[in-house]
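>>> Provide a 3D model corresponding to the input given below.
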Amino acid sequence: MWEQIRSNKTRSVWLTIGIGAILLLIGYFIGWYFFANGIGGLTIALVIWGIMNLVAVFQGDNILLSISKARKIKKADYPRLYNIVEEMQIAAGLEKTPDIYIIDDPALNAFATGRDPKRASVAITSGLLQKLNRDELQGVIGHEIAHIKNRDVLLMVMCGILLGSIVMLSWFASRALIFGSAPRSRSSNSSSGGGGLIIIVAIVLMILAPLAAQLIYFAISRKREYLADASSALYTRYPEGLASALEKLAASTHEVRAANKATAPMFIINPFRQKGRAAANLTSTHPPISERIRILRSMTGASFSNYEQAYDNLHRAQHGGILPASALAATGTAEIRAPRPEPVDPYRERIERRRETTEALWQANDYKTITCINCGTRLRIPPRLQNSVVRCPHCGSVNRT
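Next up, the predicted model:
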């Protein structure tokens with residue numbers, strides 16, 4: 001498995017260089033157009049690339065968590081969720097339990113981010129926590145822990161930040177070309193012969209560069225989802241848990257409100273969908289959901305080799321293997337465990353999951369809890385409330401905050 005991680009790092013470097021090269025090309029043509037000097041624009045783009053890489057490495061995870069409106073929780077806020085994350089951390093062999101964040105959103109989704117396994121985080125939507133049972137939630141957490149274990153998270157953060165830079169730079173450059181005027185020195189050079197062709201190339205590049213960068217980004221995401229699914233099956237010893245979770249995620253009609261094109265590939269399934277409809281089977285950011293489910297449900301064991309065999313059977317070996325040889329050789333065999341017993345009262349369990357999630361959100365948003373001195377009602381006090389007393393809505397008693 002270490003060979004696969006090393007390979008991930010190598011590919012990460014080259015893919016990041018590829019996206020960076022697109023950024024430098026845009027900078028060159030912008031410099032040529034506005035300053036009559038491509039080297040000047042190239043230098044500016046190089047500086048931007050360097051700054052954005054530093055931002056991505058040291059603050060990229062915080063930026064993405066902030067964009068997603070994720071709130072960090074403590075173990076006491078949601079013991080059941082922490083227990084599942086700790087189980088998957090032990091199964092994956094990570095040194096440190098990732099920080100856990102909750103996104104207050106009815107959509108069913110999750111993602112992992114971070115610079116490395118020691119500084120990693122897992123973010124889960126409140127909708128997912130309320131809808132999934134323990135086996136299903138464990139499958140999703142195992143998938144995200146696998147992204148951390150396989151060193152996918154830093155690459156996704158860096159590519160997301162660089163993609164955002166390319167989109168912004170292309171947008172400003174295109175607006176300047178449309179509404180602005182070129183400097184006289186550049187205009188005089190254009191009349192000498194090849195200037196018009198260069199302008200056309202620059203315009204085409206500014207239009208196609210964001211698309212090319214997104215295609216690279218999506219290719220990174222699609223390829224690694226299979227390995228994360230296989231790893232989740234291995235960690236949980238129960239492929240049906242993730243398969244059932246993916247089924248529920250795909251059937252959800254809610255899209256993640258805070259998601260954007262740069263963060264979409266980080267989620268376990270594509271966060272975008274047509275309003276009021278379930279997720280489409282074919283998406284640009286992820287492999288087909290139905291295919292992922294069929295592979296997991298075709299597994300006869302819980303090892304990587306079982307996943308590889310299920311993938312080959314589905315595709316009839318037309319596309320070759322999907323997992324690296326080093327990963328296949330590292331695990332051997334693993335039997336599928338039995339599912340956990342069904343709860344005696346499923347309705348009560350769903351209510352309990354909703355209560356736990358709501359409690360965690362209150363704590364994450366720094367709400368204070370007090371108990372009414374008369375009737376015992378628990379009152380939630382917003383963190384910015386200025387009043388020192390609160391009247392109980394049930395019995396009318398006045399309580400001090």
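>>> which residues touch the helix or strand in which T113 is found?
Under the criterion DSSP states H and E, the helix or strand holding T113 is strand 110-114. Contacts of strand 110-114 with the rest of the structure, by C-beta atoms under 8 Å, 6 or more residues apart in numbering, involve 60-61, 64-65, 68, 98, 120-125, 128, 140-141, 143-145, 147-148, 152-154, 156-157, 263, 266-268. Heads up, the C-betas are built off the backbone N, CA and C, glycines and all.
>>> Enumerate every residue touching P382.
With contacts defined as C-beta under 8 Å, 6+ apart, the neighbours of P382 are Y367.
>>> Could you list the low-confidence segments of this structure?
Filtered on pLDDT under 70, the chain yields the residue ranges 1-9, 11-12, 15-16, 172-223, 261-262, 273-285, 316-322, 324-332.
>>> Dead centre of it: give me the residue that sits there.
By C-alpha atoms, centre = their mean, the chain has its centre lying nearest to M266, at 2.2 Å.
>>> Please report the distance of the closest residue to that residue other than its chain neighbours from T300.
Residue nearest to M266 in three dimensions, not counting chain neighbours: F111, with 4.2 Å by C-beta to C-beta, 6 or more residues apart in numbering. As judged by C-beta to C-beta, to the nearest Å, F111 and T300 stand 30 Å apart.
>>> cool, and G114?
Relative to T300, G114 is positioned 34 Å away (criterion: C-beta to C-beta).
>>> Between these two, which is the more surrounded one?
More neighbours surround G114 than the other of G114 and T300, with 23 against 13 (other C-beta atoms under 10 Å).
>>> I'd like the distance from the more buried one to M158, if you could.
With distances defined as C-beta to C-beta, the gap from G114 to M158 amounts to 12 Å.
>>> Then S397?
55 Å.
>>> Strands along the protein, start to end?
Counting by DSSP state E, the chain has strands at residues 70-72, 99-103, 110-114, 120-125, 368-371, 378-381, 389-391, 398-400.
>>> Can I get these in JSON lines including distance to L25?
Rendered in JSON lines, the data for the strands of the chain read as follows (distance: least, C-beta to C-beta, whole Å):
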{"stretch": "strand 70-72", "distance to L25": "34"}
{"stretch": "strand 99-103", "distance to L25": "36"}
{"stretch": "strand 110-114", "distance to L25": "28"}
{"stretch": "strand 120-125", "distance to L25": "33"}
{"stretch": "strand 368-371", "distance to L25": "54"}
{"stretch": "strand 378-381", "distance to L25": "53"}
{"stretch": "strand 389-391", "distance to L25": "60"}
{"stretch": "strand 398-400", "distance to L25": "64"}
